[in-house]
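Enquirer: What would the 3D arrangement of this be:
(2 chains)
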Amino acid sequence: MTTTFRILMGATALCASAGIAAAQDVTLTVATVNNGDMIRMQGLTGEFEAVHPGIKIEWVTLEENVLREKVTTDIATNGGQYDVMTIGTYEVPIWGRQDWLKPLEMSAEYDVDDLLPAIREALSVDGTLYAAPFYGESAMVMYRTDLMEAAGLEMPEEPTWDFIRQAAEAMHDPDNGVFGICLRGKAGWGENMALLTSMANSFGGKWFDAEWVPQFDQPAWNAAMSYYVDIMTNYGPPGASTNGFNENLALFQTGKCGMWYDATVAAGFVTDPDDSTVADKVGFAQAPSAEGGQKANWLWAWSLAIPASSENPEAAQTFIEWATSKGYTELVAEKEGWLAVPPGTRTSLYGNPEYTKVAPFAEMTLAAINSANPGSPTVDEVPYVGAQYVAIPEFQGIATTIGQLFSAAVTGQTSVEEALTAAQATATREMRRAGYPK
Amino acid sequence: MARQTTTGQRALVTAVAWGIGILISFPIIWTVLTSFKTEATAIASPPVWFSFDWTLQNYIDVNTRSDYARYFMNSVVISIGSTLLGLAVAIPAAWSMAFQPTKNTKNVLMWMLSTKMMPAVGVLVPVYMGLRSMGLLDSRTALVIIMMLMNLPIIVWMLFTYFREIPGEILEAARMDGANLRNEIIYVLTPMTVPGIASTLLLNVILAWNEAFWTLNLTTTNAAPLTAFIASFSSPQGLFYAKLSAASTMAIAPILILGWFSQKQLVRGLTFGAVK
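Expert: Numbers count the residues shown, from 1 in each chain, chains lettered A, B, ... in the order given. Sure, this is the predicted structure:
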């Protein structure tokens, strides 16, 4: 054999093996939101690819609303652009029912029973799991321990709305740049309407009765709205009607809020000494409740799901199992410490002393998630699921319009009564158009 | 003839002009400043102007997380490709309407403009499904075509107004000398309207560069341009203003520099024909 011939043979063999490798290689397109925990997952892609050499990951990271618009278009038109989508507890029941998502059957090793029951329920349709939780959250009260002490008050573990008002009044000191309470005021179904829906639930209200008739004309909504507008205007920061999660986070981190009632995921941010000037002065309490009512219910989980149009469902399932496994939690802990692990999905995490040692808010977060009940979120029985939202496709549109009406009530452009009357009219009209009761 | 002005008047006009200039460019200046801050200083209240520890960390973070070059190349191909394609279609169209008008020319022009009046989201689903069946989702080809169609009415309108300024007699003279239609457009008409064509080109490159509906909705990874790059750093839950500002600065820098160098052309083109 001549050398040239040998080289040629070798080259052919190389090409052939490269061809085989290429044929086995699967590229997964994963769409996700630009939140800290997801960025961390993106950073750990190499670890996954090292264990699963045949699978490559392409990331599409986008802002939440842009992502929602894109993946909704794709899934509704069967576009097949994505293999894994990051979606929330709002979408999963709707999309699962439409057969837009592939049901997930996890291996025994995955230990599906370890998932927090409330989260698992929220991600299942008729007992079938359609998405795996990446991180979960509920809502709780975050407050300044130093200001609370100076006001001579003590925050109970389960405060009432009356106590919140009393504490807000005592801590309110606008001359020194401290406002009693910061709450979401920015219009949007995922902004002020998340807060107000959960508040109304705690005042005994609901969005719809058993016949899908809107309930904004009922006393419970009036009580919740009057309370909200009252504390926002008297003890809130100026311009509160434009504050969303991020604006309030910035205010709290710079020491401008006495209390803040919002998503539990904020706990990690406000106790981080790198970003927060009040990191060592933050206390936590459960979601407030009205006298004799239930707690303001809240549950959300960013979850990974496989669209029915994916061409690589097996590889996608492998990736989802990896990203939401106990092993992933340990990997993050090993690389970046226990405080960085995605919270709120697994019971085992909260039994882990290494985690509870570094996360002072762990216990409160777990209690908040466990007390949420998206299956029956309200005092009375309702035909829908969802805690701070209503899991029907029409909700986004209706709640965004109503959110604008309620935001106007905070600025004083309209009264609470006018806002509620307009909300009732909007919801009644839209629900009739959508053909309810179904 | 120059109007007589006092120093005081001139100083006032200069001050007002500067004031308006700074006001208009303030968001961009603030974005650039924020991109050099830490996340904590970015949200400081009252805001910090210049006396902070300048850092390049945001740029480093943004580049570690994303492949800027890929997004940049997609933006270049999409904006320049769609504009050139648009010009190739629009020059003959504008020629025929400017020099061979019929009684319906005005209606045709209005009809073209009317396509810009519908919200783009109204045709998103049909366009998406069409591209899906052609296998063109997430491809530069699709975006070049869509961007061209989006901007075509503007290109035709701009060229039409420039062409109308050219006296028809010059073209007639060329015809007398034996120029055919092709030569007439390429060697006579086009050179005379270069400032107009240049400003149309620049304006449309800028429009296509900044377009953030189709470019976001029709791409995933391969064809995603700089608008998707910015969107990947925006977050409603978590404060990443400094990183977002760094990403925005990187996304607008190329087009800003292009605009800077070509502003003479742009202004000349936009005021072309004002003085006869």
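Enquirer: which parts of the stretch 201-350 of chain A sit against chain B?
Expert: With Cβ under 8 Å from any Cβ of the partner chain as the criterion, the stretch 201-350 of chain A meets chain B at residues A:244-246, A:249-251, A:253-254, A:256, A:263, A:265, A:269, A:274-275, A:277. To be clear about C-beta, it is placed using only N, CA and C from the backbone, and glycine gets the same treatment.
Enquirer: So which of those residues are in strands?
Expert: The strands, defined by DSSP state E, take in residue A:263 from these.
Enquirer: Using ChimeraX, make a named selection holding only the buried ones among the residues of the stretch 201-350 of chain A next to chain B.
Expert: Those of these that count as buried under 16 or more other Cβ atoms under 10 Å in any protein chain shown are selected in ChimeraX with:
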select /A:244,245,246,249,250,251,253,254,256,263,265,269,275
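Enquirer: anything in stretch A:34-53 near chain B?
Expert: Yes. Shown here: stretch A:34-53 in contact with chain B (Cβ under 8 Å from any Cβ) through A:34, A:35, A:36, A:39, A:42, A:43.
Enquirer: can you tell me which of the residues you listed lies nearest to residue B:98?
Expert: The closest of these to residue B:98 turns out to be residue A:34 (Cβ to Cβ; 48.1 Å).
Enquirer: Name the nearest residue to that closest one, ignoring sequence neighbours.
Expert: Of all residues not flanking residue A:34 in the chain, residue B:235 sits nearest, at 4.3 Å (Cβ to Cβ, 6 or more residues apart in numbering or on different chains).
Enquirer: ok, the residue nearest to residue B:214 when sequence neighbours are not counted - contacts?
Expert: Leaving aside its sequence neighbours, residue B:214 sits nearest to residue B:146 (Cβ to Cβ, 6+ apart; 5.1 Å). Listed by Cβ atoms under 8 Å, 6 or more residues apart in numbering or on different chains, the contact set of residue B:146 reads B:82, B:127, B:214, B:218.
Enquirer: and the residue nearest to residue A:34, how many neighbours?
Expert: 24 (other Cβ atoms under 10 Å in any protein chain shown).
Enquirer: I figured it hits residue A:33, correct?
Expert: Yes. If you go by Cβ atoms under 8 Å, residue B:235 and residue A:33 touch, sitting 7.3 Å apart.
Enquirer: What ranges does the stretch 51-200 of chain B have for its helices?
Expert: B:57-65, B:68-99, B:105-114, B:124-133, B:140-164, B:168-176, B:181-183, B:190-192, B:194-210 (DSSP state H, counting those that start in this stretch).
Enquirer: can I get these in a markdown table with mean pLDDT?
Expert: What follows is those, written out as a markdown table (pLDDT from 0 to 100):
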| stretch | mean pLDDT |
| --- | --- |
| helix B:57-65 | 90 |
| helix B:68-99 | 93 |
| helix B:105-114 | 90 |
| helix B:124-133 | 92 |
| helix B:140-164 | 92 |
| helix B:168-176 | 87 |
| helix B:181-183 | 87 |
| helix B:190-192 | 85 |
| helix B:194-210 | 89 |
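Enquirer: For residue A:344, find the nearest of those.
Expert: helix B:57-65 (24.4 Å).
Enquirer: Surely residue A:28 is in a helix?
Expert: No. Residue A:28: not assigned to a helix; according to DSSP: H, G, I helix; E, B strand; the rest coil it is strand.
Enquirer: Nearest spatial neighbour of it, chain-adjacent residues omitted?
Expert: residue A:83 (4.3 Å).
Enquirer: Let me see the contact set for that neighbour.
Expert: A:28, A:29, A:30, A:306, A:307, A:310, A:311, A:312, A:313, A:315, A:316, A:319.
Enquirer: Among those residues, name the buried ones.
Expert: A:28, A:29, A:30, A:306, A:307, A:310, A:312, A:313, A:315, A:316, A:319.
Enquirer: beta partners for the second one?
Expert: When bridges are assigned using DSSP bridges, the partners listed for residue A:29 are residue A:58.
Enquirer: and what of the fifth one?
Expert: Counting by DSSP bridges, residue A:307 is bridged to residue A:101.
Enquirer: Show me what counts as buried in stretch B:200-219.
Expert: Residues B:200-209, B:211, B:214-219 are the ones in stretch B:200-219 that count as buried (16+ other Cβ under 10 Å).
Enquirer: hmm, back to that, got any residues that touch both of residue B:235 and residue A:33?
Expert: With Cβ under 8 Å, 6+ apart as the test, residue B:235 and residue A:33 both reach A:63, A:64.
Enquirer: how about residue 91, what does it touch?
Expert: All of this refers to chain A. residue A:68 are the contacts of residue A:91 under Cβ under 8 Å, 6+ apart.
Enquirer: hmm, I had chain B in mind actually
Expert: Applying Cβ under 8 Å, 6+ apart, the residues contacting residue B:91 are B:159, B:185, B:190, B:197.
Enquirer: Show me which residues of the stretch 1-150 of chain B are close to chain A?
Expert: B:39-40, B:43-45, B:65, B:124-125, B:128-129, B:132, B:137-138.
Enquirer: Hmm, I typed the wrong one, I wanted the stretch 151-276 of chain B.
Expert: B:216-217, B:220-221, B:224, B:228, B:231-240.
Enquirer: one step back: state the distance from the residue nearest to residue A:28 to chain B.
Expert: From residue A:83 across to chain B, the span is 10 Å (Cβ to the nearest Cβ, to the nearest Å).
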